[in-house]
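[1] Need coordinates for the following:
(one chain, ligands or ions: 2)
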Amino acid sequence: MDATIKSIRPNKPADRQPESRPAELDPAEFLAVAVRADQPRPARAEAEAAVKTLLAYIGENTEREGLLDTPRRVVEAFDELYQGYHQCPAEVLDRTFGETAGYDDFVLVRDIEFTSQCEHHMMPFYGKAHIAYTPVERVVGLSKLARLTDIFARRLQTQEHLTAQIAAAIDEILKPRGVAVLIEAEHTCMSVRGVAKHGASTFTSRFTGMFRDNPAEQARFLSLVRGLQR
Ligand SMILES: Nc1nc2c(ncn2[C@@H]2O[C@H](COP(=O)(O)OP(=O)(O)OP(=O)(O)O)[C@@H](O)[C@H]2O)c(=O)[nH]1
Ligand SMILES: [Zn+2]
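    Ligands and ions are numbered 1, 2, ... in the order given. The predicted structure follows:
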């Protein structure tokens, strides 16, 4: 091999770290409600007082008329944005249908819009999830894949974790021949603060079963997601 080319390679194969595998997910995380049972939940009034503290921290007059109801509104907004902690992924995928006339290809639901909150900054990241699975005998209602996405999205997340949890839940509960999840998102912690790069997209994917083992199936999934859109 040409010495110049060799020298600009970042790592010779032998120097690379072993291929990193995602840490095993705890089934308690992707199958159940996620409210911490071992941690007392502060009262609503305490949460509102904390919002008032933040308002004072940014330099606001917390007693001015426009802000009087803000702590209540913020806590209500939190209830909405983080409702996924109280929802159970296993229940959503519980109901399946057996009359599929021998359907044996994958089912793909594309362009599932979601908004989640990044666990580092508690700022929104939003985008689309594309989910495919290959059923064994029984199929799940299509809307349930979107509901599952929302349950995990309405918790504090990283995009990687969100992707892995959706795939793991479908895998564990439906036991399909394979699952493919691709998520594309924009992170406001990266667009409106910090490095301030508007329009940068992040893509994450997770493949299990036949999608992981068969590159042709993976490619077909990706071409359906990419090829037919936009
Ligand atoms: N891998 C990953 N990183 C994320 C996600 N959401 C936000 N981040 C990143 O988390 C990192 C946190 O980095 P820190 O250096 O601890 O925090 P920071 O000083 O606020 O970083 P900057 O955003 O670079 O200003 C940032 O690089 C974010 O872009 C995500 O879903 N996945
Ligand atoms: Zn962030």
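
[2] could you give me the average pLDDT of the longest helix anywhere in the chain?
    Ordering each helix of the chain by length in residues (DSSP state H) puts helix 159-174 first. When pLDDT is averaged over helix 159-174, the result is 96.

[3] Look up how far Tyr57 lies from the residue most central in space within the chain.
    The central residue of the chain, meaning the one whose C-alpha is nearest the mean C-alpha position (CA atoms, centre = their mean), is Leu162 at 2.5 Å. When CB to CB, to the nearest Å is the yardstick, Leu162 and Tyr57 sit 29 Å from each other. For every residue, glycine as well, the C-beta is placed using N, CA and C.

[4] Can you name the residues of this structure that neighbour ligand 2?
    Cys118, His120, His121, Cys189 (CB under 5 Å from the ion).

[5] Within the helices and strands, which one has Ala50?
    Ala50 is located in helix 44-57, with elements delineated by DSSP states H and E.

[6] Would you mark the buried spots in that helix?
    For helix 44-57, the buried set under the neighbour-count rule, 16 or more other CB atoms under 10 Å, comprises Ala47, Glu48, Val51, Lys52, Leu55.

[7] so what's the second one closest to, chain neighbours aside?
    Yep, that's Glu48 we're talking about. Counting by CB to CB, 6 or more residues apart in numbering, Glu48 lies nearest to Pro71, which is 3.8 Å off, once chain neighbours are set aside.

[8] next one: the third one
    Closest residue in space to Val51, ignoring its immediate chain neighbours: Pro71 at 3.9 Å, by CB to CB, 6+ apart.

[9] quick check, Gly127 in a strand?
    Yes. The assignment for Gly127 by DSSP: H, G, I helix; E, B strand; the rest coil puts it in a strand.

[10] Just give me the neighbour total for the residue nearest to Gly178 when sequence neighbours are not counted.
    The shortest distance from Gly178 to any residue that is not its chain neighbour, by CB to CB, 6+ apart, is 3.0 Å, and that residue is Gly209. Other residues near Gly209 number 18, with proximity taken as other CB atoms under 10 Å.

[11] who's in contact with Gly209?
    When contacts are counted by CB atoms under 8 Å, 6 or more residues apart in numbering, Gly209 touches Thr134, Asp171, Pro176, Arg177, Gly178, Val179.

[12] Could you tell me how far the first one is located from Val140?
    This points to Thr134. Counting by CB to CB, the separation of Thr134 from Val140 is 12 Å.

[13] intersection of neighbour lists for those two?
    By the contact definition CB under 8 Å, 6+ apart, Thr134 and Val140 are jointly contacted by no residue.

[14] can you point me to the longest strand in the protein?
    Among all segments of the chain classified by DSSP state E, the strand with the greatest residue count is strand 107-118.

[15] and the angle for that strand with helix 159-174?
    For strand 107-118 against helix 159-174, the angle by axes from the mean of the first three to the mean of the last three CA atoms, to 10 degrees is 140 degrees.

[16] Report the distance from strand 107-118 to the chain centre.
    A distance of 8 Å separates the centroid of the chain from that of strand 107-118, by CA atoms, centre = their mean, to the nearest Å.

[17] Check which helices and strands that strand sits against.
    Counting by 3 or more CB pairs under 8 Å, 6 or more residues apart in numbering; DSSP states H and E, the packing neighbours recorded for strand 107-118 are strand 124-133, helix 142-153, strand 156-157, strand 178-187, helix 215-227.
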